[in-house]
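Fold the following, please.
(3 chains)
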Amino acid sequence: MDEMTLNVSSAAVRADGLSRRYGATLALDRVDLTMERGITGLLGPNGAGKTTLLSILATVAEPDEGRVSVFGLDPRNAAERVEIRRRLGYLPQELGYHRHFTVAGFLDYVAILKEITGRRQRAEEVARVLAAVGLERRARTRIRTLSGGMRQRLGIAQALLGQPELLILDEPTAGLDPEQRLRSRELLSGLPGDPVIVLSTHQADDIAAICPKVIVLLQGVVRFAGTPAELAATAAGQVWAAGERDARAHLSWRGGDNVWRHIGDRPPAGAELVAPTVEDGYLLLSQAAGAR
Amino acid sequence: MTSPSSPGHRQSGGADWHASQGTLAAYAAGEARGTVAWSVEAHLTECLQCRSALSASVDADRLAHNRSVLMVRVAIGDGGRVRRALCRRGLPDHVLRLLAATPSLRWSWLLSVTGVLAVLAGEAAAVRYGWISAGGPRPVAGYPGPEVLVPFLLATPLLVLAGVAAAFLPMFDPACLLATAAPFSGFTLMLVRAVSALAAALVPVLAAALLLPGPGWLPVALLLPSLAVSAFALAAATVLDPRAAAVVAGILWAAPALLLAAAHLPLLVVQPAAQCACAVVLCSCAVVLLARRDRFELGWMR
Amino acid sequence: MRRGAGDRDDVALLRAVARGDEEALAALYDRHAGWLTIRLARRCGQPDVVDQAVQDTFLALWREAGAYRGGGDVAAFVWGIGIRRLIDLVRREGGQRYLRARRAERPQVVVSAEDQVLAGIEHGYLGQALADLSPELRAALEATVLDGLTCAEAAVLLGIAEGTVKSRCHRARQALRAALAEPQAGRRTQPHRREVWGTS
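Numbering: from 1, shown residues only, chains lettered A, B, ... in the order given. I've put the predicted structure just below:
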């Protein structure tokens, strides 16, 4: 599939100094990042700029400043932009569907947009992605009768058409029940061809489960880029478990095992240090960012 | 039926004949001799037992794969009658499927357009035949006052514009982000949809105009204004926000039409001078559209 | 041959398909796709063309289930559609067509001794005469008689001209008539073999 030779630059996807402004709000503030093959998680709350960043990477929006390079190609060049799009699979956060379409009809439509000409190849591709997300029995169902979880899976399916080398998924697990989330994780970890996968979420356990690399985006700025273990380690020495709540901690909540978990640098009375999780690291970072 | 030398076996009753295991296996492997194979094949069409036995020797994965692709093809279908007819005329299949996603090509839309035009034309006809009083001066020669044509003249290019606008406005394409992020040329997609919306909208327009009791050249005279207004909207969409472009294009037609109607010269808007103006607008907008077609590749996230 | 309950089910399934029941189509597929694949594979050596033909067959069934008039086995109906879909594909694909390995030259199927005796005594003449035909003549005869194709369709499938199909069928029939007219002792003789072996 790779007719164009890849650039010498090692990173598959690279962004330098991306900035984007919507009216008075600065959605992205000089974002630098690199992504390799494999799954990268983009973690951040709503309004952090994740959707903006992903839409810029998906060539659907343009940054005000900065440059992007995808597989060595520059989206500002029209021909290279089309080439990027040939290798791209994109699931936007708010994906609308032509409601009168059937599942298979919609996928067929997207397959045509992805330049899969030939009725036969399209049918094969559609059958393949339907099997991958578990919607084979729903091929003839109208989209307006699908549940939210199924629509989400349909969204993932359309992104998989054409076996893209770059998969950009904006909140792919939103609205999925735990079992479906597990299946999505399974699906994403097992994709052939080792594509670059970027998925955004605000749930830390999704990240911890399948992403070898995490980028934390808060208020348009990259606060962390590294492995989940490293993210967890940033909270080392600041996570405590105690029998009761301490008001002085930055954050505390009671877990399902009736133990209060505290994040802060002052240990509550009678508390013991526990190993930090990815979520703890993330919460600590958001605290710090909020304080600025 | 004579069975040439085929190794089968007879049931004890002598009534049934079935192919033996070995024969079926050989046939499945493609190694049965000509006459044996013939006999097996002729027998297969009538014997469920041997068919089932034979089916068991096909690769299950292959059968399952074909089955899933088959059900997908059944689900995708081959479109309605209109699409099949168009396909036979030589229109490529994938273009037709793209059109299926265009709201202004759905029957519901076309029927409503036809309905509106029917009402307008019907009202004009009713005045002509004296069922409703039009007020205003009544000229000789049996034509009603041109005032009665105003609603029709005003509405027709706007309806065509609405159809074309629905073809390219992102708010009418729920999956517009996918279309942008896909390699398929945004300009081609927009053109395909706009042209087919135009063609589809012009059919009821011309039909209604023919029924309209007015000058005979009226149907044809409405073509250029409709095209000009649509082309303006598309060209303006490369500069302005697409919705604003459609609105401006609409005003560009409505304003002169209303002004001339107020001055009691409504037909001037479709007279030769106006036709030339429309032609000029059409050509210049086409040029602008081609020059700035890159704008359609970038999506509408501004 | 006795028509069993299976065939009645097939007719019911076909009627359900005509009403738009896709589960019925899937059931028909499960019953018939297997043998159809094998039988079509005997006429075309390319597995993906055969797969495509099988899919096209059931798609055609989906659209035209109403055309079944109940006047024959459903399996024969399916075969009729299938072989014509295959011919359509072969005609469209062009290039490498009817690829059939020369089975006549390969080792024959192992037949049990008992069956051999049975075959030899009861059906030796016709079977032997058919076996003695050249593969080309036999193929032409098979296409027109067994598959029920017209000469034009057979021509597409075999990759030869229509006139050639007609002449080969004619020669095949002549050869068969000649072979059956001669008194047989149960085993063919060499001169007889040379007489019927021919290509056109």
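
got any ranges where chain A has weak pLDDT?
Applying pLDDT under 70 to chain A flags residues A:1-10, A:291-292.

where exactly do the helices run in it?
With helices called from DSSP state H, chain A shows them at A:50-57, A:78-86, A:103-113, A:119-133, A:148-160, A:178-189, A:204-210, A:228-233, A:278-291.

now swap in the stretch 151-300 of chain B and tell me
Along the stretch 151-300 of chain B, the segments classed as helices by DSSP state H, counting those that start in this stretch run B:176-181, B:186-211, B:218-221, B:223-237, B:242-262, B:272-291.

right, so of these, which gets closest to chain C?
Counting by CB to the nearest CB, chain C lies closest to helix B:186-211 out of those; the figure is 25.6 Å. (C-beta placed from N, C-alpha, C; glycine too.)

beta partners of A:Arg14?
Going by DSSP bridges, A:Arg14 is paired in beta bridges with A:Thr34, A:Ser69.

Export the helices of the stretch 151-300 of chain B as JSON lines, with columns for distance to chain C.
As requested, the helices of the stretch 151-300 of chain B are arranged in JSON lines below (distance: least, CB to the nearest CB, whole Å):
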{"stretch": "helix B:176-181", "distance to chain C": "27"}
{"stretch": "helix B:186-211", "distance to chain C": "26"}
{"stretch": "helix B:218-221", "distance to chain C": "39"}
{"stretch": "helix B:223-237", "distance to chain C": "38"}
{"stretch": "helix B:242-262", "distance to chain C": "40"}
{"stretch": "helix B:272-291", "distance to chain C": "37"}
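
can those go into JSON lines with extra columns for distance to C:Gly159 and mean neighbour count?
Listed next are these as JSON lines, based on distance: least, CB to CB, whole Å; neighbours: other CB atoms under 10 Å in any protein chain shown:
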{"stretch": "helix B:176-181", "distance to C:Gly159": "44", "mean neighbour count": "24"}
{"stretch": "helix B:186-211", "distance to C:Gly159": "39", "mean neighbour count": "19"}
{"stretch": "helix B:218-221", "distance to C:Gly159": "55", "mean neighbour count": "18"}
{"stretch": "helix B:223-237", "distance to C:Gly159": "51", "mean neighbour count": "24"}
{"stretch": "helix B:242-262", "distance to C:Gly159": "55", "mean neighbour count": "17"}
{"stretch": "helix B:272-291", "distance to C:Gly159": "49", "mean neighbour count": "15"}
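
Out of these, the one nearest chain A is which?
helix B:176-181 (4.2 Å).

Report all helices and strands that the closest one contacts.
strand A:88-91, helix A:103-113, helix B:186-211 (3 or more CB pairs under 8 Å, 6 or more residues apart in numbering or on different chains; DSSP states H and E).

of all these, which lies closest to B:Ser57?
helix A:103-113 (31.0 Å; CB to CB).

Let me know how buried B:Pro151 is, in neighbour terms.
17 (other CB atoms under 10 Å in any protein chain shown).

which residues touch it?
Residues touching B:Pro151, when contacts are defined by CB atoms under 8 Å, 6 or more residues apart in numbering or on different chains, comprise B:120, B:123-124.

pLDDT value on it, please?
Predicted confidence (pLDDT) at B:Pro151: the value is 78.

Same check on the one 3 residues further on?
Predicted confidence (pLDDT) at B:Leu154: the value is 83.

surely it meets B:Ala254?
Yes - with contact defined as CB atoms under 8 Å, B:Leu154 reaches B:Ala254; the gap is 6.3 Å.

What about A:Arg181, how many residues nearby?
19.

ok, and the closest non-adjacent residue to it?
Leaving aside its sequence neighbours, A:Arg181 sits nearest to A:Thr173 (CB to CB, 6 or more residues apart in numbering or on different chains; 4.9 Å).

For A:Gln180, see how far away the one you found is.
Noted for A:Thr173: a distance of 8 Å to A:Gln180, by CB to CB, to the nearest Å.

which of those two has more neighbours?
A:Thr173 (23 against 17).

Please determine how far the more buried one is located from A:Asp206.
6 Å.

what residues do these two have in common as contacts?
What both A:Thr173 and A:Asp206 touch, as defined by CB under 8 Å, 6+ apart, is the set A:181, A:199.

before we move on, the earlier item: just name the closest of the contacts of B:Pro151 to chain C, please.
Distances from chain C to these, taken by CB to the nearest CB, are shortest for B:Leu120, at 40.1 Å.

mind listing what that closest one touches?
B:151-152, B:155, B:208.

B:Val116 belongs to a strand?
No - going by DSSP: H, G, I helix; E, B strand; the rest coil, the assignment for B:Val116 is helix, not a strand.

burial measure for B:Met171, as a count.
Residues near B:Met171, counting by other CB under 10 Å: 12.

Need the nearest residue in space to it, chain neighbours excluded.
B:Met171 sits nearest to B:Arg243 (CB to CB, 6+ apart), 7.2 Å away.

just to revisit the earlier point, ranking the helices of the stretch 151-300 of chain B by mean pLDDT, which is last?
Looking at the helices of the stretch 151-300 of chain B, the weakest mean confidence is helix B:218-221, a mean of 76.

Can I get that helix in CSV? Just the C-alpha atoms.
Output of helix B:218-221 as CSV, limited to C-alpha atoms (Å, rounded to 0.1, in the frame of the first residue of the first chain):
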residue,chain,number,x,y,z
LEU,B,218,-42.0,31.5,-19.4
PRO,B,219,-40.8,27.9,-18.5
VAL,B,220,-37.6,28.4,-20.5
ALA,B,221,-37.1,31.9,-19.2
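
I'd say the residue nearest to A:Arg181 and A:Ser184 touch.
Yes - with contact defined as CB under 8 Å, A:Thr173 and A:Ser184 form a contacting pair (5.8 Å).

Name the nearest residue to the closest residue to chain B within chain C, ignoring sequence neighbours.
Proximity of chain C to chain B (CB to the nearest CB) peaks at C:Gly34, 2.6 Å away. Counting by CB to CB, 6+ apart, B:Ser55 is the residue found nearest to C:Gly34 once chain neighbours are left out, at 2.6 Å.

ok, the one you found - contacts?
C:31-35.

ok, C:Val49 - contacts?
Counting by CB under 8 Å, 6+ apart, C:Val49 has contacts C:86, C:89-90, C:93.

Can you lay out these as TSV showing secondary structure?
Below are the contacts of C:Val49 laid out as TSV (three-state DSSP):
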residue	secondary structure
C:Leu86	helix
C:Leu89	helix
C:Val90	helix
C:Glu93	helix
